[in-house]
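**Q** What would the 3D arrangement of this be:
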Amino acid sequence: MARKLKTYQTSQGFYDLAIAVPSMKAALEAWGANSNLFHRGFAEESRTQRRWQQPKPSVALKRPVGTNGPFDEESELLTDLDPEKRPARSKAPRL
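**A** Numbering: from 1, shown residues only. Prediction:
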């Protein structure tokens with residue numbers, strides 16, 4: 001029987017990363033982390049899956065850090081730094 005997938009999020013460089021895997025250990029391995037990001041407070045379990053859809057389990061999805069757009073396998077960085085043209089930042093706490 002397959003284990004239930006949980007969703008986890010972290011920030012790495014210029015991207016927010018999200019992944020659906022069975023455990024924290026599997027998330028750390030998929031992100032290539034060499035330390036426990038959960039213990040240090042840099043990663044967390046997402047409490048809601050409605051914020052994004054995971055097309056493939058165990059595939060890390062990304063989006064530009066600080067935005068609230070959709071997660072995707074290939075994400076473009078923001079190139080226009082004009083504050084009036086940037087997507088709105090999420091006011092809600094990240095989960």
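
**Q** out of all of them, which helix in this structure is the longest?
**A** For the chain, the helix with the greatest residue count under DSSP state H is helix 24-31.

**Q** Can you get me a residue count around Phe14?
**A** When neighbours are counted by other C-beta atoms under 10 Å, Phe14 registers 12. Any C-beta I mention is one placed from the backbone N, CA and C, and that applies to glycine too.

**Q** Could you count how many residues lie near Tyr15?
**A** Neighbourhood size, Tyr15 [other C-beta under 10 Å]: 18.

**Q** Which neighbouring elements make contact with the longest helix of the chain?
**A** Where contact means 3 or more C-beta pairs under 8 Å, 6 or more residues apart in numbering; DSSP states H and E, helix 24-31 is packed against strand 6-12, strand 15-21, helix 37-40, strand 43-45.

**Q** let's go with 6 Å and repeat that
**A** Helix 24-31 sits against strand 15-21, with contacts defined as 3 or more C-beta pairs under 6 Å, 6 or more residues apart in numbering; DSSP states H and E.

**Q** what angle sits between the strand it packs on and helix 24-31?
**A** Counting by axes from the mean of the first three to the mean of the last three C-alpha atoms, to 10 degrees, strand 15-21 lies at 130 degrees to helix 24-31.

**Q** if we can go back for a sec, just the CA coordinates of the longest helix of the chain, formatted as CSV?
**A** Taking Å, rounded to 0.1, in the frame of the first residue of the first chain, the C-alpha atoms of helix 24-31 are listed here in CSV:
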residue,chain,number,x,y,z
MET,A,24,10.3,15.1,5.6
LYS,A,25,13.4,13.0,4.9
ALA,A,26,12.2,12.4,1.3
ALA,A,27,11.7,16.1,0.9
LEU,A,28,15.2,17.0,2.1
GLU,A,29,16.7,14.4,-0.3
ALA,A,30,14.7,15.8,-3.2
TRP,A,31,15.8,19.3,-2.4
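
**Q** Pull out the buried positions in that helix.
**A** Using 16 or more other C-beta atoms under 10 Å as the test for burial, helix 24-31 gives Met24, Ala26, Ala27, Leu28, Ala30, Trp31.
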